[in-house]
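K.L.:
Build the 3D model from these lines:
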Amino acid sequence: MEWNRKDFRHFKRLVVKVGTSSLTHKTGKINLSQIEKLVRELADIHNEGREVLLVTSGAIGAGMGRLGFRARPKTIREKQACAAVGQGLLLQMYEKIFSEYGIVVGQVLLTRDDFADRRRFLNARNTLLTLLKYRVLP
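P.N.:
Numbers count the residues shown, from 1 in each chain. Model prediction:
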């Protein structure tokens, strides 16, 4: 997660994808110091007037730690249970840390179908653009 912000100074909008391994320890527990570092970098960019969108994985990993899994679940129902718990944990953490920088966050959950169907795609796009208009970090 090393970057030089000068590389992005000409961009109006930045989409950042963060994977599970960047957000959690190997045990599955959330790596708070790594998330705080990420948020600090993104908050600085956002507060410079740029639009920032955060695409984050990690819900299963975050839920694993809370539910006591020591290894990644193998069944779909266990993965979905971990994701259901972990998604709330991640959003709560992002909201708390970004709010320290005066930034409101919003959650938009998308699936492949939202990109495959034109009407759903346009709805998702318009929602994201509206969030950005109000300086929300989706």
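K.L.:
buried stuff in stretch 40-60?
P.N.:
42-43, 45-46, 50-54, 56-60 (16 or more other Cβ atoms under 10 Å). For glycine as for every other residue, the C-beta is placed from the backbone atoms N, C-alpha and C.
K.L.:
actually stretch 127-135, not the one I wrote
P.N.:
Under 16+ other Cβ under 10 Å, the buried positions of stretch 127-135 are L128, L131, L132.
K.L.:
ok, so what distance separates the second one from V104?
P.N.:
Looking back up the chat, that one is L131. Separation of L131 from V104 (Cβ to Cβ, to the nearest Å): 9 Å.
K.L.:
anything in contact with each of these two?
P.N.:
Shared contacts of L131 and V104, defined by Cβ atoms under 8 Å, 6 or more residues apart in numbering, comprise L137.
K.L.:
What ranges does the chain have for its helices?
P.N.:
Ranges of helices in the chain, per DSSP state H, are 20-23, 32-47, 59-67, 76-99, 112-116, 118-133.
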